[in-house]
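> Predicted structure and sequence below. I'll ask about it afterward.
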Amino acid sequence: GNGAKYELSGHKWFTSAPMSDGFLTLAMTEGSKTPSCFLVPRWLPDGSRNVGFQIMRLKDKMADRANASSEVEYRGAFGTMVGDEGRGVPRIIEMVSSTRLDCALGSAGTSRRALQHALHHVSQRHAFGAPLVDQPLMRSLLTDVAIECEGHTAASLRMAELWDTRQRQLSSGHVDKHQAAALRVGVAVAKYYVTKRAPG
């Protein structure tokens, strides 16, 4: 059950961020037909290394090489169950959802800060005898960027609102299925779109 200590064995084809100090992983227990969630630390409570956690290889990724992915083996790795037995997938989905929200909010903030830098820069520069900010082509470009930044902010804050509502509903025991579905789908779409557009 929740908080119990386990020894994990098996092959895991995909593990994100193998440089981390802790890993949430799904594994089957003997008494359950569905996987449970476990926290596998890199370091044991006594300070020694969790030698049962072994990285087999890093994945050859097309992008995002700074955030590696790996293939690992659990060979008697120490792990602690997180949440209820057999409820690992919902626990992982909740964690992924919060990470997606964080990515969307951070990227929206980065976009907004970049827009502020651009507005400051063009208000200080002159071109063709007038401030750069007053040139029609620059105004058109900045308008497009400002509208997109507003969209990033609105989408991310709407997902944060749904997240907050869901947390309150979970505490009260009454979950609105439509809002839960909107959050599950919406936060994935917001994370994908906002993080994809933010670098530009």
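Okay, I see it.

> Next, the contact list for residue 185, please.
If you count contacts by C-beta atoms under 8 Å, 6 or more residues apart in numbering, residue 185 has none. Using the backbone N, CA and C atoms, a C-beta is placed for each residue, glycine as well.

> List the contacts of residue 151.
Contacts of residue 151 by C-beta under 8 Å, 6+ apart: none found.

> Please, which helix or strand holds the residue sitting nearest the centre point of the chain?
Per C-alpha atoms, centre = their mean, the C-alpha nearest to the average position across the chain is that of residue 99, at 2.5 Å. Per DSSP states H and E, residue 99 falls inside helix 88-124.

> which parts of that helix are buried?
Within helix 88-124, the residues scored as buried using 16 or more other C-beta atoms under 10 Å are 88, 91-92, 97, 100-101, 103-105, 107-108, 110-111, 115, 118, 122.

> Got phi/psi on the residue of the chain positioned farthest from its centre?
Relative to the mean C-alpha coordinate of the chain, counting by C-alpha atoms, centre = their mean, the farthest residue is residue 129 (46.8 Å). Here is the backbone geometry of residue 129 (degrees, to the nearest 10): phi 80, psi 10.

> Roughly how far does it sit from residue 56?
64 Å (C-beta to C-beta, to the nearest Å).

> Which elements pack onto the longest strand that the chain contains?
Ranked by residue count under DSSP state E, the longest strand found in the chain is strand 69-82. On a contact count with 3 or more C-beta pairs under 8 Å, 6 or more residues apart in numbering; DSSP states H and E, strand 69-82 meets strand 5-16, strand 22-27, strand 36-41, strand 53-58.

> Mind putting the ones you listed into TSV with mean pLDDT?
Shown next, in TSV, are the helices and strands packed on strand 69-82 (pLDDT from 0 to 100):
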stretch	mean pLDDT
strand 5-16	92
strand 22-27	93
strand 36-41	96
strand 53-58	91
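
> closest to residue 79 out of those strands?
With C-beta to C-beta as the criterion, residue 79 lies closest to strand 36-41 of these, at 3.8 Å.
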